[in-house]
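Undergrad: Dropping the sequence and predicted coords here.
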Protein chains: 2
Amino acid sequence: MNEVMKRYHEVASLPIYRNRNLTMMTDLYQLTMMYGYYKSGRMNQEVVFDTYFRKHPCGGGYVVAAGLEQAIIYLMSLRFTEEDLAYLRSLELFDEGFLDELRRFRFTGSLYAMPEGTIAFANEPLLRFRGRILELQLIESAILSFVNHQTLIATKASRIVHSARTELVDLSADTIMEFGLRRAQNADAANFGARAAYIGGCIGTSNVYAGQNFGIPVMGTMAHSWVQSFPSELDAFRAFANAFPDKTVLLVDTYNTLQSGMVHAIQVAREMRERGQELLGVRLDSGDLAYLSKEARRMLDEAGFPDVKIVASSDLDEGTIRDLIIQGARIDQWGVGTSLITSKDCPSLGGVYKLVAEVDGDEFIPRIKVSENPQKITNPGYKRVVRLYDTEGMATADLICLDEEVIDTASPLELFDPVHTYKRKVVQNFTTEELLIPIIENGELVYKIPTIHEIRQRVTDQLKRFPEEVKRLKNPHVYHVDLSLKLWTLKQELLLKSQTGAQAIEQDPA
Amino acid sequence: MNEVMKRYHEVASLPIYRNRNLTMMTDLYQLTMMYGYYKSGRMNQEVVFDTYFRKHPCGGGYVVAAGLEQAIIYLMSLRFTEEDLAYLRSLELFDEGFLDELRRFRFTGSLYAMPEGTIAFANEPLLRFRGRILELQLIESAILSFVNHQTLIATKASRIVHSARTELVDLSADTIMEFGLRRAQNADAANFGARAAYIGGCIGTSNVYAGQNFGIPVMGTMAHSWVQSFPSELDAFRAFANAFPDKTVLLVDTYNTLQSGMVHAIQVAREMRERGQELLGVRLDSGDLAYLSKEARRMLDEAGFPDVKIVASSDLDEGTIRDLIIQGARIDQWGVGTSLITSKDCPSLGGVYKLVAEVDGDEFIPRIKVSENPQKITNPGYKRVVRLYDTEGMATADLICLDEEVIDTASPLELFDPVHTYKRKVVQNFTTEELLIPIIENGELVYKIPTIHEIRQRVTDQLKRFPEEVKRLKNPHVYHVDLSLKLWTLKQELLLKSQTGAQAIEQDPA
């Protein structure tokens, strides 16, 4: 077995993936359309679909692409079981010939995609599928659910991690832990969400299943119920320190943070030190975290425990973290729950999956979808995404072009805004990076699935190559994503040719 | 095998449940606390935990309880595998004796819960667990994730269904379809979300896997890519009508809704009628749905097709649906996606799981959690929830009382607001319903899992027994949820006794 398939089987046999068949997780209309293609003799028509999104979530300036691993496992294991076919037969929509087609169904298409951890922007294809329309129709819904979800959470995590990264605190270490399991939108959202959060820059998760499956560091110590279940807070703290002498972080807000919790924590820290042990930290989970953390820090320092860390959790998000830092909160690590695991203020990424070309022999016949909303008009054709870097290695623009185009890095390249075309800039002495790389070729996996640590590192490496302005939490600088002149011209031609394109703006009330 | 277990095995063997082991899906601190209890000799201490939430989501006046089936399957199949134990060993936190305890781990506790589909209110226990602290600690995170998620989506669905139920449209039939798969927060959110949406009142889902597993009607016909993939819109419509002569709903907005889509739809409707078939409907998916639906209705009526239905989808939620209805939109069915499947404006339900008592022989020793935030103070003790109905069968109030209390329906009962205690009302001639019923007794399932249709019917039946004012989308009437005098008194006593309770308000900056 080659390295690629060896790694594939390693990943596919993880508890979270194995024995799970989501082939039937599709919208009914995919199946009715597949049946329609089958009935009209068009099911083998080769086509191209792009997956992309139109808007960065949460008002940010980029996304962190994620979900490809899950998409690969799904595509490589697509199978209709007899049980599935029996259910479909019971719907009385399909004939037996079609069910036979489904029985034989395997993914035999091709996928090019941005590797997970790539910094990506609106309107760029994250995944580009080529294959039989019968196959590409089935997979739309599941692929979007995986990629939309993981990309959303990785992006949210990146924002939150960024909010706690400031010169006011330690620049060298990230400090966000994912604590959202109980508020996640069910199990997959918790588990794949923890994965995406780690990719986005979190240092670990409270979710043991995610730790086990994905190799993410797991974190956490005690809840209020621990403290409550003992006759006194001091008893509870002592019992924990006995069980975990090396890893004790005490939750100090069950009764009264400063007058009870911190006093008892310091007492236990002293008792531990007498035994040659050191208390690791205290956790604040309610009250005013700026005030309490400053007071807690002062108490710990005065008692001779300057190395005891302060961990905070309690309805945190990127805005609150930034505010607390500005207010001088003395917090060393942050546990973020609901806002991260649900991306609370922007709980969906509107990724779409659009037909952009039909294949006729060696030729790609571009397809466009017209809309009265200009932002919803698709970019037609079989395309690539190229990132341009300047001589310092900083990303200056992304270019979406037709696959056949050659970008000559030796000559100056004029870029222009696809909407406000008078906005132009010339780049020269640039290097390029192809963002869409081969993942599956004609049903065969050709991509070695990276480890989660490699993916996480890619995010860090990539983010360094973008200016801070692009990473601003609100109203970021808009990074240039331009169309090549050839693609732009093709799009305009198709729009003009579209028999109804010119009328598309007349859909609203007069 | 008895009826209860026969039904259990039927449900547990559904593709979505079988071969899936989420025992490890817990927060690390649950395991460290379990280890602490084990090390301090307290792991067999019997305790009581309540699951409840503090606030209705989306500004509404109630929730629809859901997620119990998933919780039952999870509890009954809890098992640590050797693979799980090997991972836990690798964390270097636990000793072998503890891992042996986990190897033997089964759920042997008891669960009382509100049946799915119960209308429930803030602060009422939805689930009440009794059992060994070792067991009850493990399950918190997963149980909350299931119940929080499904209750949230069932509630959101109920709101959306309610928004489309008005005298302006057909009162007798509901009209909301769940179309959110592609925007769901991964697979479980899509599948269990579709289940919860159906429980909450949706008439079906686009998600075939949810249909297969839960017996929900599946719905949907075609996407824009179908229309685009044909040389012309008319060809695309004709091909679909040929494949599904009985079930054709044509998507009319790929090019121009009124000037192209509707014209071609009517042409195909005429051709179908000549063959003795009838077009079922048209679907609008963009543009101004009020204007377009009125024009589409007029065109269909004038062409002699008054029975062709108009289906609408496109960023709908309860507010937009209500607005469209008020504006006279002529829409017969609504497909709701993102806003429903993610509960977009309120994507989490803050359900909590709190220790409320320890068991000492036959006695329950109530436990309370104090907080500087009065809303976060728990209701102590082993409790029941009783719903009071008036002589017309309308719900008048819910009463949370201690389990041992007897509610005498023959005498007048004085209820009072637990915060503003001067607010009192006397109820008499009432009947009662116990909302928490036995589900699992000492590890043995005693509850026959209902069908999803029975659950959905329970929602309908229950909602009829609450006044419309409670169901208002915003600023609803606050339904009375009171504590019994005995419980209220116990809570006050415990608060006063709490050594630090009186100081709890001093946690904020002076």
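TA: Perfect, I can see it now.
Undergrad: residue contacts, the spatially most central residue of chain A?
TA: Centrality entry for chain A: nearest residue to the mean C-alpha point is A:Thr151, 2.1 Å, by Cα atoms, centre = their mean. If you count contacts by Cβ atoms under 8 Å, 6 or more residues apart in numbering or on different chains, A:Thr151 has them with A:Phe53, A:Val63, A:Val64, A:Ala65, A:Ala66, A:Gly67, A:Ala120, A:Leu126, A:Ala196, A:Leu349, A:Gly351. (C-beta placed from N, C-alpha, C; glycine too.)
Undergrad: how close does A:Val446 get to A:Met5?
TA: Counting by Cβ to Cβ, to the nearest Å, the separation of A:Val446 from A:Met5 is 10 Å.
Undergrad: So what's the residue count around the nearest residue to the residue nearest to the centre of chain A once chain neighbours are set aside?
TA: Residue nearest to A:Thr151 in three dimensions, not counting chain neighbours: A:Ala66, with 5.0 Å by Cβ to Cβ, 6 or more residues apart in numbering or on different chains. Counted by other Cβ atoms under 10 Å in any protein chain shown, the residues lying close to A:Ala66 total 33.
Undergrad: Now A:Gln428. Nearest residue, chain neighbours left out?
TA: Closest to A:Gln428 by Cβ to Cβ, 6+ apart is A:Pro412, at 4.1 Å.
Undergrad: Tell me, how many residues neighbour that neighbour?
TA: The number of residues near A:Pro412, taken as other Cβ under 10 Å, comes to 10.
Undergrad: contacting residues for it?
TA: Applying Cβ under 8 Å, 6+ apart, the residues near A:Pro412 are A:Val426, A:Val427, A:Gln428.
Undergrad: same deal with A:Arg384?
TA: With Cβ under 8 Å, 6+ apart, A:Arg384 has these contacts: A:Ile400, A:Cys401, A:Leu402, A:Asp403, A:Glu405, A:Glu434, A:Leu435, A:Leu436.
Undergrad: Inside helices: which ones of these?
TA: Secondary structure from DSSP state H places none of the contacts of A:Arg384 in helices.
Undergrad: Could I get these in JSON lines, plus columns for neighbour count and pLDDT?
TA: Formatted as JSON lines, these follow (neighbours: other Cβ atoms under 10 Å in any protein chain shown; pLDDT from 0 to 100):
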{"residue": "A:Ile400", "neighbour count": "24", "pLDDT": "98"}
{"residue": "A:Cys401", "neighbour count": "20", "pLDDT": "98"}
{"residue": "A:Leu402", "neighbour count": "19", "pLDDT": "97"}
{"residue": "A:Asp403", "neighbour count": "14", "pLDDT": "96"}
{"residue": "A:Glu405", "neighbour count": "15", "pLDDT": "96"}
{"residue": "A:Glu434", "neighbour count": "13", "pLDDT": "98"}
{"residue": "A:Leu435", "neighbour count": "23", "pLDDT": "98"}
{"residue": "A:Leu436", "neighbour count": "22", "pLDDT": "98"}
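Undergrad: Among those residues, which lie within strands?
TA: A:Ile400, A:Cys401, A:Leu402, A:Glu434 (DSSP state E).
Undergrad: Kindly state the beta-bridge partners for the third one.
TA: Same thing as A:Leu402. A:Lys383 (DSSP bridges).
Undergrad: how much space between it and chain B?
TA: In this view, A:Leu402 and chain B are 19 Å apart by Cβ to the nearest Cβ, to the nearest Å.
Undergrad: Isn't that residue up against A:Pro380?
TA: No - assessed by Cβ atoms under 8 Å, A:Leu402 is found out of contact with A:Pro380, at 9.3 Å.
Undergrad: returning to that earlier point: and which of the contacts of A:Arg384 is nearest to chain B?
TA: Using Cβ to the nearest Cβ, A:Leu402 is the member of these that lies nearest chain B, at 18.8 Å.
Undergrad: what's near enough to touch the closest one?
TA: Contacts of A:Leu402 (Cβ under 8 Å, 6+ apart): A:Gly381, A:Tyr382, A:Lys383, A:Arg384, A:Ser484, A:Lys486, A:Leu487, A:Leu490.
Undergrad: Number of residues surrounding the second one?
TA: Think A:Tyr382. The number of residues packed near A:Tyr382 is 20, by other Cβ under 10 Å.
Undergrad: same deal with the fifth one?
TA: A:Ser484 has 21 neighbouring residues, counting by other Cβ under 10 Å.
Undergrad: any idea how far the closest residue to it other than its chain neighbours lies from A:Val47?
TA: Counting by Cβ to Cβ, 6+ apart, A:Cys401 is the residue found nearest to A:Ser484 once chain neighbours are left out, at 3.5 Å. Separation of A:Cys401 from A:Val47 (Cβ to Cβ): 20 Å.
Undergrad: got the residues of the stretch 251-400 of chain A near chain B?
TA: Neighbours of chain B within the stretch 251-400 of chain A, by Cβ under 8 Å from any Cβ of the partner chain: A:253-260, A:286-288, A:290-292, A:338, A:342-344, A:347-351, A:353-355, A:358, A:367, A:369-373, A:376.
Undergrad: rounded to a whole number, what's the mean pLDDT of the longest helix along chain A?
TA: The single longest helix within chain A, with elements called by DSSP H, is helix A:133-163. Average pLDDT, helix A:133-163: 97.
Undergrad: what's the offset of it from the middle of its chain?
TA: 6 Å (Cα atoms, centre = their mean, to the nearest Å).
Undergrad: cool, stretch A:212-220 as well?
TA: For stretch A:212-220, the distance to the chain centre is 18 Å (Cα atoms, centre = their mean).
Undergrad: Please spell out which residues along that stretch are buried.
TA: Neighbour counts over stretch A:212-220 (16 or more other Cβ atoms under 10 Å in any protein chain shown) mark A:Gln212, A:Asn213, A:Phe214, A:Ile216, A:Val218, A:Met219, A:Gly220 as buried.
Undergrad: Might one say that A:Ile321 is in contact with A:Gln333?
TA: No - using Cβ under 8 Å, A:Ile321 is not in contact with A:Gln333, being 11.2 Å away.
Undergrad: These two - which one has more neighbours?
TA: Taking other Cβ under 10 Å, A:Ile321 and A:Gln333 do not tie; A:Ile321 has more neighbours (27 against 21).
Undergrad: what pLDDT does the more buried one get?
TA: 95.
Undergrad: which residues touch the nearest residue to it once chain neighbours are set aside?
TA: Once flanking residues are discounted, A:Ile321 sits nearest to A:Ser163: 4.6 Å by Cβ to Cβ, 6+ apart. Under the criterion of Cβ under 8 Å, 6+ apart, the neighbours of A:Ser163 are A:Glu318, A:Gly319, A:Ile321, A:Arg322, A:Ile325, A:Leu473.
Undergrad: CSV please, covering these and showing secondary structure.
TA: Shown next, in CSV, are those (DSSP: H, G, I helix; E, B strand; the rest coil):
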residue, secondary structure
A:Glu318, helix
A:Gly319, helix
A:Ile321, helix
A:Arg322, helix
A:Ile325, helix
A:Leu473, coil
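Undergrad: Most neighbours among these, which one is it?
TA: Counting neighbours by other Cβ under 10 Å, A:Ile321 comes out on top of those with 27 neighbours.
Undergrad: Let me see the contact set for it.
TA: A:Ile160, A:Ser163, A:Ala164, A:Trp334, A:Val336.
Undergrad: burial of the closest residue to A:Leu289 other than its chain neighbours, as a residue count?
TA: Excluding the flanking residues, the one nearest A:Leu289 by Cβ to Cβ, 6+ apart is A:Ala312, at 5.0 Å. Residues within reach of A:Ala312, counting by other Cβ under 10 Å, total 27.
Undergrad: What's the per-residue pLDDT of A:Ala312 here?
TA: 96.
Undergrad: Could you do A:Asp174 as well?
TA: On the pLDDT scale, A:Asp174 gets 76.
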